[in-house]
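Undergrad: show me how the following folds:
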Amino acid sequence: AIIQNNFGNLLKKHGKLSEAELLFRKAIALEEKLVADFPNVPLHHEMLAMCNSNLELLLNSVGKPLESEGKYRQAIVIQKKQVAEFPTIPMHRHRLASSQYTLGVMLAGRGKPSDAEELYREAIVIQEKLVSDFPAVPAYRDDLAKSHHNLGHLLHRLGKPPEAVAEQFNKANVALEKLTADFPSVPDYRLSLAKIQYVIGHLQESLGKQSEAEVMYRKSIAVAEKLSGDFPANQEYRILLGQNYHILGNSKCRGGQLTDGVECHQKAIDTLRTVHEAEPRNERAKETLRDSHIQRALCHILLQKHGEAVKDWDRVVELSPKPEQKKHRAARASSKAAAGQIAEAVAEVAELCQLPDWNPDQLHLFASIYSLASVKISGRKLQYADAAMDLLKQAVLHDPLVGAICTPEEVWQMVDEMLVAQAQWLPQF
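TA: Next comes the predicted model:
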């Protein structure tokens with residue numbers, strides 16, 4: 001049975017899943033017979049649970065969730081018997097809690113949150129006792145923190161009171177702070193700490209507790225900075241640091257602290273740019289770098305620094321996939337116009353108008369840029385005014401409410417009548 005189980009793991013590793021499943025089932029059948037014949041031998045109970053667990057993971061990975069759930073529940077029944085029969089062996093309690101936690105994660109992802117909550121809470125009871133009995137075993141403390149973290153997310157999804165959600169996140173944070181203090185050489189613990197601190201910060205911000213949120217965001221940044229400094233070759237830690245600066249920058253901007261927001265996004269950009277240059281195929285670094293430029297551009301617009309916004313939009317366009325580039329080019333054209341770069345804005349809009357699928361707001365933006373150009377650029381007033389009027393009519397026509405009741409001819413007439421009525425404020429037309 002041990003050989004079949006180990007060989008099954010080897011086949012699974014090499015992608016031979018059907019053969020692996022067959023071997024796991026054979027191993028389970030043998031272990032079930034051994035447990036029945038020798039019920040007082042802990043090893044057979046342990047191996048049966050292990051084989052079931054391996055089969056569960058495989059079934060879940062190949063899209064057999066119902067059978068996988070059944071196997072998990074079967075393993076939990078076996079493991080509960082092990083715990084009852086051999087209460088002095090901590091490994092049995094640890095594996096039972098691990099199975100409950102894993103099944104909870106699985107059920108939470110399958111739309112069974114109540115069942116998942118029950119399993120998380122059962123796992124936590126066992127894990128708390130393990131931590132109490134064996135405080136020097138870091139794996140037990142790490143598992144407990146993960147269970148509190150996941151339970152917090154689940155309660156949030158269930159719409160439970162924020163206090164209940166915060167309680168679980170705070171318990172995870174406390175556990176991880178102690179764990180990282182006791183085992184500072186284990187980077188994974190510090191990584192988990194940085195993530196839970198960000199989560200708590202996000203929760204605090206959603207409750208309107210801006211100052212408390214900033215405290216947690218900065219704690220997360222401090223942990224990520226230390227990780228990045230201690231392990232400079234690990235780009236994932238630099239990405240985490242960049243993401244945290246990006247998140248704090250967004251928070252600052254939402255709170256109206258635009259200058260501070262720009263500063264945080266600058267730090268995010270500086271951090272992530274080095275990662276992107278070293279690993280241009282790293283999509284997480286690239287996407288967060290692009291998003292930081294987007295958010296900094298929006299801050300610059302609110303600060304009336306439109307020329308700086310244009311520079312950010314340049315980078316956003318470069319970093320974006322081709323299908324997304326046109327909407328960012330439209331934003332860049334708007335910033336160019338606001339920065340007084342009228343000719344450049346018109347040239348951009350002329351190219352963009354050759355592309356399909358613009359919404360009414362974007363068409364109105366293009367019309368506004370042509371309208372501005374008709375006033376600012378001498379010699380082409382009529383050309384740009386006509387282009388602006390044509391785009392304005394298209395914008396009105398593309399409005400879903402107008403388009404549902406008006407023909408194109410009626411839209412043209414309505415726009416002409418509105419322009420005549422507002423002529424004193426629209427001399428360019």
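Undergrad: residue boundaries of the strands in the stretch 251-400 of the chain?
TA: Here the stretch 251-400 of the chain has no strands by DSSP state E, counting those that start in this stretch.
Undergrad: tell me the contacts of Glu128?
TA: By CB atoms under 8 Å, 6 or more residues apart in numbering, the contact list for Glu128 reads Leu144. (Each C-beta comes from the backbone N, C-alpha and C, glycine too.)
Undergrad: which parts of the strand or helix carrying it are buried?
TA: Glu128 belongs to helix 113-133 when assigned by DSSP states H and E. Neighbour-count burial for helix 113-133 flags 113, 115-117, 119-120, 122-124, 126-128, 130-131 (criterion: 16 or more other CB atoms under 10 Å).
Undergrad: okay if I get those residues as CSV plus distance to Arg290 and pLDDT?
TA: Below are those laid out as CSV (distance: CB to CB, whole Å; pLDDT from 0 to 100):
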residue, distance to Arg290, pLDDT
Pro113, 34, 92
Asp115, 39, 93
Ala116, 34, 95
Glu117, 37, 96
Leu119, 39, 96
Tyr120, 36, 97
Glu122, 43, 97
Ala123, 39, 97
Ile124, 39, 98
Ile126, 44, 97
Gln127, 40, 97
Glu128, 43, 97
Leu130, 44, 97
Val131, 42, 96
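Undergrad: tabulate those (JSON lines), appending distance to Leu419.
TA: What follows is these, written out as JSON lines (distance: CB to CB, whole Å):
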{"residue": "Pro113", "distance to Leu419": "56"}
{"residue": "Asp115", "distance to Leu419": "62"}
{"residue": "Ala116", "distance to Leu419": "60"}
{"residue": "Glu117", "distance to Leu419": "61"}
{"residue": "Leu119", "distance to Leu419": "65"}
{"residue": "Tyr120", "distance to Leu419": "63"}
{"residue": "Glu122", "distance to Leu419": "70"}
{"residue": "Ala123", "distance to Leu419": "68"}
{"residue": "Ile124", "distance to Leu419": "67"}
{"residue": "Ile126", "distance to Leu419": "74"}
{"residue": "Gln127", "distance to Leu419": "71"}
{"residue": "Glu128", "distance to Leu419": "72"}
{"residue": "Leu130", "distance to Leu419": "76"}
{"residue": "Val131", "distance to Leu419": "74"}
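Undergrad: any buried residues in the lowest-mean-pLDDT helix or strand in the chain, and which?
TA: Sorted by mean pLDDT, DSSP states H and E, the helices and strands of the chain end with helix 42-61, the least confident at a mean of 75. Within helix 42-61, the residues scored as buried using 16+ other CB under 10 Å are 44-60.
Undergrad: now do stretch 299-310
TA: Buried residues in stretch 299-310, counted by 16+ other CB under 10 Å: 299-301, 305-306, 308-310.
Undergrad: what's the first-to-last distance across that stretch?
TA: 12 Å (CA to CA, to the nearest Å).
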